[in-house]
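> I'll drop the sequence and a predicted model, then ask my questions.
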Amino acid sequence: MGILQVVITLLLIVLLVKPVGSYLVKVYDYEKTGLDRIFRPFERMIYRLIGIREEEKMGWKKYVLAMLLFNFVMLIILYAIFRLQKYLPFNPEHIANMPSALAFNTAISFITNTNWQAYSGENALSYFSQMMAITFPMFTSAATGFAVAIAFIRGLVGRQDNLGNFYVDLVRSITRVFLPLSFIVALFLVFQGVPQTLHGSVSVTTIEGVKQVITRGPVAALESIKHIGTNGGGYFGTNAAHPFENPTPLSNLVHILCMMLLPTSLVYAFGIMVKNKKQGWSVFAAMGFIFITLLTVVFVAEYNGTPALHALGLNGNMEGKEVRFGLSESSLFAAVTTAATTGSVNAMHDSFTPIGGLVPLLQMMLNNVFGGKGVGLLNGLLYVILTVFICGLMVGRTPEFLGKKIEGKEIKLASIAILIHPLIILVPTAIALAFKGPVSSILNPGFHGLSEVIYAMTSGAANNGSAFGGLTANTDFYNIVIGLVMLLGRYISIISMLAIAGSFSTKKIVATTSGTFRTDTALFTAILIAIILVVCALTFFPALALGPIAEHLGMF
């Protein structure tokens, strides 16, 4: 039954890829549709308010500057809201201002689409903060990632340094993609029992006669964009395991579909935009193969359980999982939330078996198995460029991708984007383990404790935001260090990839010949998978061997 649930969910995801991907192409190619009557008036009003000329085009440097400026202004606004929420409206519980280090971490978290939470939402944030500093940046951060991915695709096929207009791409992403989808999903979640109100908490008497305070608020609005935008930040501390965020198996299914909907569809849209659908399916197949393989691993690991559970006569590992979802939906959710770099959780990853917990950790280390909004595709194409370069060296030809030659400049930029990811994971982990203060935050010493620290740094670097648990991360050290990791993980790779797009956009297209190495075949897909796995193994295997792998072997 569990296998059937997983198969049905995956089939639904695949069925949605083509229609949604085709719609995304119309949105970003500025094609006229019947929906223009609905969206155009709002978009024109926004352009007038912010003083943007819709027809203005941007080269890669101007595009990067606009993106960084917008994100910096948003960062300052979010930090101010967290620090002043005590004095702002919609605070019926009279929640105090957020401490400076935590506010720094949280503002960076939500502006980078990470949504790492070193706090419990219902206790640390007012309704105003939940709406304006949490829900609103979920739209803008997701739209930023989408805009950057579209700009990169334009650079790959362009004939001049023109990546479009960042502000137009941002606005269209919000008005035509994220807002409509979030509105529909929010209404469905309310139908399933998710609260949506500005009233404060209520006191009730339980069946046992005990008084209990039940927190509520504008939960459904946050939950919808949380998964549509692969954000992941929960209204409540227990995230999607909380019955007010994820009350039914049907709401759980919708959450999973929302997480995978746009990342998978964008890969298909890429194929259409470069006028080579086979190229899009080739990248999709590589990502899909890795995802299915890792999903199978976590699924089998959790169903097999551990020797200690077997000794008690128990089959399967239900520790840390919700009974209403069970092993199959918990395993699927864990694989999806880290493949799509969402960070939402419906089970405690810290309680998974060592190999089951390795899967979400490994997917964040790969950071290209569909990935989050836009950035996942960017990272996937980054490895495509690297694979083409390596194959070109092997056959003695100048490597080409989509008819354009890959030269030293592009490989240097790609190397920066690839190497920064392990650097900002492993170095901060080593620093955390070198001092008593950060080490004291580890609640489970030994191999598992190492996994907890690596997971936290990897989650920040991959802009995922999920927590392994078992680590007290709300300290000045972790708030500041993980905040910096999130910044570097988000913007260094984006800047590098847009620079590659700017370089590609001015290159001449080379005619295809019989000696051209094709990148839209099953052979290339297999090589791409191999390159991704080899690079990951070379950079992360020692750390994994000391953490989850050693813990797994220690069980026997």
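That came through fine.
> Look at Val213 and tell me its secondary structure.
Following DSSP: H, G, I helix; E, B strand; the rest coil, the label given to Val213 is strand.
> To clarify, my last question referred to Pro92.
coil.
> Provide a list of residues in contact with the closest residue to it other than its chain neighbours.
For Pro92, ignoring the flanking residues on the chain, the nearest one in space by CB to CB, 6 or more residues apart in numbering is Gly200 at 3.4 Å. C-beta coordinates here come from the backbone N, C-alpha and C atoms, glycine included. By CB atoms under 8 Å, 6 or more residues apart in numbering, the contact list for Gly200 reads Pro92, Glu93, Arg216.
> Can you tell me how far Gly200 is from Arg216?
According to CB to CB, to the nearest Å, Gly200 and Arg216 sit 8 Å apart.
> cool, Leu433 as well?
Taking CB to CB as the measure, Leu433 falls 40 Å from Arg216.
> ok, those two, which is more surrounded?
Neighbour count, other CB atoms under 10 Å: between Leu433 and Arg216, Arg216 has more, with 17 against 14.
> Check the more buried one and give its pLDDT.
On the pLDDT scale, Arg216 is placed at 87.
> Kindly confirm whether my reading is correct that it touches Val194.
No - the pair Arg216 / Val194 is not scored as a contact, 9.8 Å apart, by CB atoms under 8 Å.
> Mutual contacts of the two, please.
Counting by CB under 8 Å, 6+ apart, the contacts common to Arg216 and Val194 are Phe244.
> Tell me where the chain has strands.
Here the chain has its strands, by DSSP state E, at 202-205, 211-214, 400-401, 404-405.
> Pairing partners for the second one, with directions?
So the one you mean is strand 211-214. Strand 211-214 has its sheet partners listed here by DSSP bridges as strand 202-205 (antiparallel).
> Can you mark which positions in the partner strand are buried?
For strand 202-205, a neighbour-count test (16 or more other CB atoms under 10 Å) marks nothing as buried.
> Need the residues that contact that strand.
So strand 202-205 is contacted by Lys211, Gln212, Val213, Ile214, Arg216 (CB under 8 Å, 6+ apart).
> go with 6 Å
Contact partners of strand 202-205, identified using CB atoms under 6 Å, 6 or more residues apart in numbering, comprise Gln212, Val213, Ile214.
> so the last one bridges to which residues?
Beta-bridge partners of Ile214, counted by DSSP bridges, are Val202.
> so who does it touch?
Ile214 sits in contact with Ser201, Val202, Val204, where contact means CB under 6 Å, 6+ apart.
> just the contacts of strand 202-205 now: which is nearest Asn97?
Asn97 has its nearest neighbour among the contacts of strand 202-205 in Val213, at 21.8 Å by CB to CB.
> That closest one reaches Ser201, doesn't it?
Yes - the criterion here is CB atoms under 6 Å, and Val213 meets it with Ser201 at 5.3 Å.
> Quick check: phi and psi at the residue of the chain most remote from its centre.
Here the centre of the chain is the reference, and by CA atoms, centre = their mean the most remote residue is Gly209, at 42.7 Å. Phi and psi for Gly209, reported as degrees, to the nearest 10, are phi 90, psi 10.
> Please report how far it lies from Phe447.
45 Å.
> do the same with Asp161
Applying CB to CB to Asp161 and Phe447 gives a distance of 50 Å.
> just Thr112 next, same as before
Distance of Thr112 to Phe447, computed by CB to CB: 30 Å.
> Please say which of the two ends up with more neighbours.
Taking neighbours as other CB under 10 Å, Thr112 and Phe447 compare with Thr112 leading, 29 against 18.
> Please list all residues in contact with that one.
Counting by CB under 6 Å, 6+ apart, Thr112 touches Asn463, Met486, Arg490.
> Most neighbours of all those residues, which one?
Asn463 (32 neighbours).
> what number of residues lie near the nearest residue to it once chain neighbours are set aside?
Using CB to CB, 6+ apart and skipping the chain neighbours, the partner closest in space to Asn463 is Thr114 (4.3 Å). Here the number of neighbours of Thr114 (other CB under 10 Å) works out to 33.
> So Thr114 sits against Met486, correct?
Yes - with contacts defined as CB under 6 Å, Thr114 counts as touching Met486 at a distance of 4.8 Å.
> ok so, going back, which of the strands of the chain sits closest to Tyr268?
strand 400-401 (18.5 Å).
> That closest one pairs with which strands, parallel or anti?
Strand 400-401 has the following strand partners under DSSP bridges: strand 404-405 (antiparallel).
> same for the helix ranked longest in the chain, what does it pack against?
In the chain, assigned by DSSP state H, the helix with the most residues is helix 476-505. Contacts defined by 3 or more CB pairs under 6 Å, 6 or more residues apart in numbering; DSSP states H and E place helix 476-505 against helix 60-84, helix 100-111, helix 136-157, helix 408-432, helix 447-461.
> so how far is stretch 284-291 from its chain's centroid?
Offset of stretch 284-291 from its chain centre (CA atoms, centre = their mean, to the nearest Å): 16 Å.
> scratch that, stretch 315-327
Distance of stretch 315-327 from the chain centroid (CA atoms, centre = their mean) equals 24 Å.
> and what of stretch 75-82?
With CA atoms, centre = their mean, you get 22 Å for stretch 75-82.
> Which residues does that stretch contact?
Stretch 75-82 is contacted from outside by Met98, Ala103, Thr106, Ala107, Ile111, Ser129, Met132, Ala133, using CB under 6 Å, 6+ apart.
> Could you rerun that using 10 Å?
Identification of contacts with stretch 75-82 by CB atoms under 10 Å, 6 or more residues apart in numbering yields 88, 97-100, 102-112, 119, 124-126, 128-129, 131-134, 136-137, 487.
> Let me know the average pLDDT across it.
So the average pLDDT for stretch 75-82 ends up being 96.
> same thing with stretch 279-291?
95.
> Report the buried residues of that stretch.
Buried residues in stretch 279-291, counted by 16+ other CB under 10 Å: Gln279, Gly280, Trp281, Ser282, Val283, Phe284, Ala285, Ala286, Met287, Gly288, Ile290, Phe291.
> Val213 and Ser201: which has the busier surroundings?
Taking neighbours as other CB under 10 Å, Val213 and Ser201 compare with Ser201 leading, 14 against 10.
> Hmm, that one is touching Ile95, no?
No - the criterion here is CB atoms under 10 Å, and Ser201 misses it with Ile95 at 11.3 Å.
> Show me whatever sits in contact with both of these two.
Shared contacts of Ser201 and Ile95, defined by CB under 10 Å, 6+ apart, are found at Glu122.
> which residues does Ile38 contact?
Thr175, Arg176, Pro180.
> What about these, which are in helices?
Pro180.
> Export the contacts of Ile38 as CSV, with columns for distance to Asn165.
Shown next, in CSV, are the contacts of Ile38 (distance: CB to CB, whole Å):
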residue, distance to Asn165
Thr175, 14
Arg176, 15
Pro180, 21
